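**Student:** Here is the input, now give the coordinates:
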Amino acid sequence: MLSKNSKVQKLVGTAILVGIVIVLQAFASGIHFGPFTPTLALIPIIIGAILFGPGAGALLGLIFGIIVVITVVSGLEPFSLIMFNQNPVFTVATCLVKGAAAGFFAGIVYKALQKHKYVGVAVAALIAPIANTGLFALAMLTVFRNLLVESAAGQNPVVFLLVAFIGVNFLFELAFDIILTPVIIRIISAVKKTS
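**Tutor:** Purely as a prediction, here's the structure:
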C-alpha cells in the first residue's frame, strides 16, 4: 500500500502530466503528416505509466483521447471528422480506447520488465504507439472499412492504410517515443535522487 506521501506524489505527478498531455496534444493539432497529426502526447502518457502504473497511464491516455475527440468534433482533424460524421459513437470510442490502451499497456509492460529498467522503458515506449496506432488500424479495417476503400480509390485498402495513414505518422511517433522516453526517465530518476 502506498504511503500518504507517495499518494500525494502520484496525484501531483499525474496532474502535471495531464497538463503536459493537454498542451502537447493541442500543440500537435497544428502539425500534420498526411491526414493525421503526430501523437506527441504519448511521451507523458508513457512516463506516467512507468512512474505511476498502468492506471495512471490509462487515465493519461483517456485525457489524450478526450482532447483528440475535441479536435475531431471541432474540425481540426479533417479525415477524423469524416469518420465522426459517418459513425460518431465508434469514432469517439476509438479515440478514447486507443489512448487509454496505449497508457495501460505501457504501464503493464514496464511493470513486467521493471527489473530490467531500461529494457522496460524501451518496450513501454514501443508498445504505446503500437497500441495507439494498432487500434486505429483495427477500426479502419472493420467499422470504417468502406471509408478506407473509398479513400484508397482503387488501391489495395490495407496497403493504402499502411502507407498513407499509418506510415510516416507511426514511424515518427515510434522514433520520438523510443528516443525521448529513456532520456526523460533518466532526468526524472536524477531528480528523484536529489530530492
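
**Student:** Now do the buried residues in stretch 175-189.
**Tutor:** By 16 or more other Cβ atoms under 10 Å, the buried positions in stretch 175-189 come out as Phe176, Asp177, Ile178, Leu180, Thr181, Pro182, Ile184, Ile185. Bear in mind the C-beta positions are built from the backbone N, C-alpha and C, glycine included.

**Student:** What is the nearest of those to Ala49?
**Tutor:** Thr181 (10.1 Å; Cβ to Cβ).

**Student:** nearest residue to the closest one other than its sequence neighbours?
**Tutor:** Spatial nearest neighbour of Thr181, chain neighbours left out: Ala125 (4.0 Å); criterion: Cβ to Cβ, 6 or more residues apart in numbering.

**Student:** can you name the two of the buried residues of stretch 175-189 that are farthest apart?
**Tutor:** Pairwise over these, using Cβ to Cβ, the maximum falls at Phe176 and Ile185, 14.6 Å.

**Student:** on that earlier part again, among the buried residues of stretch 175-189, name the ones in helices.
**Tutor:** Within the buried residues of stretch 175-189, residues falling in helices by DSSP state H are Phe176, Asp177, Ile178, Leu180, Thr181, Pro182, Ile184, Ile185.

**Student:** and the residues you listed as CSV, adding distance to Leu42?
**Tutor:** Shown next, in CSV, are those (distance: Cβ to Cβ, whole Å):
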residue, distance to Leu42
Phe176, 8
Asp177, 5
Ile178, 11
Leu180, 10
Thr181, 9
Pro182, 14
Ile184, 12
Ile185, 14
